[in-house]
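**Q** Structure for the following, please:
(chains A and B)
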Amino acid sequence: MKSVSLALGAATLTAAFALPAFAQTEIQWWHSMTAVNGEWVNDLAKEFNAKQTQYKIVPTYKGSYDESMTAAVAAFRAGNAPHILQVFEVGTATMMASKGAIVPVGKVMKDAGEKFDPSAYVSAVAGYYTALNGQMLSFPFNSSTTVFYYNKDAFKAAGLDPEKAPATWPEVTLAAAKLKASGHKCPISLAWQGWTQLESFSAWHNVEFATKGNGLGGLDARMKINSPLHVRHIENLANMAKQGLFVYKGRANVPEASFISGECAMMTTSSGFYGNVKKNAKFAYGIAPLPYYPDAPGAPQNTVIGGASLWVMSGKKPEEYKGIAAFFTYLSSPEVQSASHKRTGYLPITTAAYQLTEQSGFYKENPGTDVAVNQMIRKTTDKSRGIRLGNYVQIRTIEDEELEQVWGGKKTAKEALDSIVQRGNELLERFEKANKS
Amino acid sequence: MASEKRVVFKSGWLPWALLAPQAVVIAVFFFWPAAQALLQSLQQSDAFGTSVEWVGLENFRNLWNDPTYLASFKTTAIFSVLVAVLGLALSLMLAIFADRVIKGAAFYKTLLIWPYAVAPAVAGVLWLFMFAPGMGIVSYALGAAGFEWNHLLNGTHAMTLIVMAAVWKQISYNFLFFLAGLQSIPKSLIEAAAIDGARPWRRFWTMQLPLLSPTTFFLLVINIVYAFFDTFAIVDAATKGGPGKDTSILVYKVYYDGFKAMDLGGSAAQSVVLMVIVVALTVVQFRFVEKKVNYQ
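**A** So this is what the prediction gives:
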């Protein structure tokens, strides 16, 4: 008994001494932002730390998205996960399924008594990170979507109107043919081919990518991307590849370099590519909405979200969760969000931030920066709300593998899409089985 | 034979104590991870390991049911044979030339050893830069010569690219051993053969190569293991297994599924398969190939 009371006494003593003056609660934040965007993350933390003295946000760069996620998994298993982890959109289903490892953001905010209104967020953004029961699981942070970039100088040289971007795929094909005729070696290339040509393409044309509301409605979703419209589009691109109108430049964002260098005149990729183009392109460029098929009913609808969100890890102290909640409240303010949007090209994720940005005249001064926003802030349908599937990292790779065989002429569009559906469904079944609870 | 001096430990525990440090190192760094892989291959869990389920052999069944996994055995076989054969042949050639060089030998040797200091991922990127379609120096030169290089869509080109990078990376290692082997062959033997009228080519085939056989055998084992295990960084940097799955060798899939896709069970099952293959290959090499090796 004596030793217990002694220990208690010692504990109270240390607490009494430690708490008042220097009791700044440190909150670890692992992220994957580099260069310009890395500075942005550091500035956010610095500003928040300067505003109050109770908490200290410590941002740490932990490698690319998949690297930082792997690092967090290892850290969690060893018992020292960070408080906040930035996870890319393809990792969302994995995080959601790891119930023991995370704390829903909705719960963090409620427990801390912070005001938090999910309906303030753009619905295509908030819906993506919200569970079936309506609870917001992660905090939307840097969201992007797919847009179309084109080289105005190249358009001019080919006799095309540089102020009028091709709005539909038939128009893209025509423009590509003219560019080629004028001697352009790479009229169009596609970055993030799975994301831009299958995922966003589906939402944009209001066709299902997968059942169960594209996976938002449950783990038993199965893929549907071998529909006639999908086949038609991939066939169309395969024909363009055969004629040298579309030139394949690699997976993920590798093709982006060929737009910056001027080699490729048109490109579909992330709206987050804007900062890079603005800084490095030595030609006049334009940003336009993704092309669509004019005869497809319901097109254009809206495009899907990319980017990342912030997840709160489990097993931390109540005090630390309070700090996280305070930080998220700070990040949610329209001023902070609008400033971030202007700085990075990522989407303004609340309606208020969008309005604030518009009022400031930013979109007028920087034409094209509102394209991504306009594509996203529309009313969504069950088919366009977003795509959230388990084992998604692998499914993206399957999309790459199969599409490459189409561009290389080894498979027809139908064969490749059927194969994506079949291989993807096997992964979905496995994920469902591993995560049933 | 009876006069041979035999040293026997009198104490029962001393030999074990002397062996202990090595045994501990092997247990901690080899057997423990291998046992972990074996255990994990029988489990399925979410990424964070909060729910672990024993699934028996299901991870293995999933592999057999995946035609692309079975196809990657063929890819791996082609890749490994090419890397081992080309790597050994080229470095043997270089070693023979370096062995004959008299002036500036140290300079040549140093240059040839350099690539070994390059990390596999960097090797992959270097070769990727040279062969990047449209931009790389070599692919540009090939294009000018009328040959269109495109490893992004042509599987053969992609395989050629990673084989070149993997061979280049390993040449230094092989070279060092071959050179040491060549230099340990007594000069008098070669001279005697030369006096008997054997030309260099004949001297190589009938004397140097047989005398090098222990080195060659050792390097064959090492190179096969290298091609099987140490090349995923090159693949990851140069082709990511593409186009399609044309360069997706077994170890790359282990790395990809485990570290990128975080399917630890599936990845562990693949490591176990890989382990079995390499053990089997090594046994075969020691039982059959080694019989032809002349240790003098």
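**Q** Alongside chain A, which residues does the stretch 1-150 of chain B contribute?
**A** Residues of the stretch 1-150 of chain B found near chain A (C-beta under 8 Å from any C-beta of the partner chain) are B:44-51, B:53, B:62, B:65-66, B:68, B:133-134. C-beta coordinates here come from the backbone N, C-alpha and C atoms, glycine included.
**Q** Go through those residues and flag which are in strands.
**A** Judged by DSSP state E, strands contain the following of those: B:44-45, B:53.
**Q** closest to chain A among these?
**A** Nearest to chain A among those is B:Gln44, at 4.6 Å by C-beta to the nearest C-beta.
**Q** I'd say the closest one and B:Glu53 touch.
**A** Yes - with contact defined as C-beta atoms under 8 Å, B:Gln44 counts as touching B:Glu53 (5.2 Å).
**Q** Need the overlap of contacts for the two.
**A** Counting by C-beta atoms under 8 Å, 6 or more residues apart in numbering or on different chains, the residues touching both B:Gln44 and B:Glu53 are A:Ala434.
**Q** Would you confirm that B:Gly266 contacts B:Leu63?
**A** Yes - taking contacts as C-beta under 8 Å, B:Gly266 lies within contact range of B:Leu63: 7.4 Å.
**Q** Next up, the contacts around the spatially closest residue to A:Phe48 that is not a sequence neighbour.
**A** Once flanking residues are discounted, A:Phe48 sits nearest to A:Tyr330: 5.1 Å by C-beta to C-beta, 6 or more residues apart in numbering or on different chains. A:Tyr330 makes contact with A:48, A:51, A:336, according to C-beta under 8 Å, 6+ apart.
**Q** Quick check: which element contains A:Tyr330?
**A** Secondary structure from DSSP states H and E places A:Tyr330 in helix A:318-332.
**Q** Mind listing what's buried along that helix?
**A** For helix A:318-332, burial by neighbour count (16 or more other C-beta atoms under 10 Å in any protein chain shown) applies to A:320-332.
**Q** re the thing from before, comparing B:Gln44 and B:Glu53, which shows the higher neighbour count?
**A** B:Gln44 (22 against 14; other C-beta atoms under 10 Å in any protein chain shown).
**Q** check contacts around that one.
**A** A:433-434, B:52-53, B:55, B:58-59, B:265.
**Q** returning to what we had before: give me the angle between the following helix or strand past the helix holding A:Tyr330 and helix A:318-332.
**A** Remark: after helix A:318-332, the chain's next helix or strand is helix A:334-344, criterion DSSP H and E. Here the directions of helix A:334-344 and helix A:318-332 differ by 70 degrees (axes from the mean of the first three to the mean of the last three C-alpha atoms, to 10 degrees).
**Q** Output the contacting helices and strands for helix A:334-344.
**A** helix A:35-51, helix A:351-359 (3 or more C-beta pairs under 8 Å, 6 or more residues apart in numbering or on different chains; DSSP states H and E).
**Q** could those be laid out in CSV, adding distance to A:Leu417?
**A** Output for these, formatted as CSV (distance: least, C-beta to C-beta, whole Å):
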stretch, distance to A:Leu417
helix A:35-51, 34
helix A:351-359, 35
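**Q** what secondary structure does the closest residue to chain B within chain A sit in?
**A** Closest to chain B within chain A is A:Gly100: 3.3 Å, counting by C-beta to the nearest C-beta. Remark: A:Gly100 carries the secondary structure label helix [criterion: DSSP: H, G, I helix; E, B strand; the rest coil].
**Q** Next: B:Met262.
**A** Following three-state DSSP, we place B:Met262 in the coil state.
**Q** I'd like to know how many residues surround it.
**A** Neighbourhood size, B:Met262 [other C-beta under 10 Å]: 23.
**Q** Please name the nearest non-neighbouring residue to it.
**A** Here the residue nearest B:Met262, using C-beta to C-beta, 6+ apart, is B:Ala47, at 4.4 Å.
**Q** Count the neighbours of the one you found for me.
**A** With other C-beta under 10 Å as criterion, B:Ala47 counts 23.
**Q** correct me, but it touches B:Lys260?
**A** No - in this structure B:Ala47 lies outside contact range of B:Lys260 using C-beta under 8 Å: 11.5 Å.
**Q** Mind listing residues that contact the helix or strand containing B:Ala268?
**A** According to DSSP H and E, B:Ala268 maps onto helix B:264-287. Applying C-beta under 8 Å, 6+ apart, the external contacts of helix B:264-287 come out as A:434, B:34, B:36-45, B:49, B:55, B:59-60, B:62-63, B:69, B:217, B:220-221, B:224-225, B:228-229, B:250-251, B:253-255, B:257-259.
**Q** Tell me the gap between it and the middle of its chain.
**A** Mean-position distance between helix B:264-287 and its chain equals 14 Å (C-alpha atoms, centre = their mean, to the nearest Å).
**Q** what's the answer for stretch A:325-337, then?
**A** 19 Å.
**Q** just the CA coordinates of that stretch, formatted as CSV?
**A** Extracted in CSV, the C-alpha atoms of stretch A:325-337 (Å, rounded to 0.1, in the frame of the first residue of the first chain):
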residue,chain,number,x,y,z
ALA,A,325,-9.6,18.6,-33.3
ALA,A,326,-8.4,22.2,-32.8
PHE,A,327,-6.0,21.8,-35.7
PHE,A,328,-8.8,20.5,-38.0
THR,A,329,-11.0,23.4,-37.0
TYR,A,330,-8.2,25.7,-38.0
LEU,A,331,-7.8,24.0,-41.3
SER,A,332,-11.6,24.1,-42.0
SER,A,333,-11.8,27.9,-41.9
PRO,A,334,-12.7,29.4,-45.3
GLU,A,335,-9.8,31.8,-45.2
VAL,A,336,-7.2,29.0,-44.7
GLN,A,337,-8.9,26.8,-47.3
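**Q** Pretty sure B:Asp46 sits against A:Ala434.
**A** Yes - here B:Asp46 reaches A:Ala434: they are 6.5 Å apart, a contact under C-beta under 8 Å.
**Q** Leaving out sequence neighbours, find the closest residue to residue 169.
**A** This is for chain A. Using C-beta to C-beta, 6+ apart, the nearest residue to A:Trp169 is A:Pro291, at 4.9 Å.
**Q** Not quite, go with chain B.
**A** B:Ala123 (4.5 Å).
**Q** In three-state terms, label that neighbour for me.
**A** helix.
**Q** Let me see the contact set for it.
**A** B:115, B:165-166, B:168-169, B:234, B:237.
**Q** how about a cut-off of 7 Å?
**A** For B:Ala123, the contact set (C-beta atoms under 7 Å, 6 or more residues apart in numbering or on different chains) comprises B:165, B:168-169, B:234.
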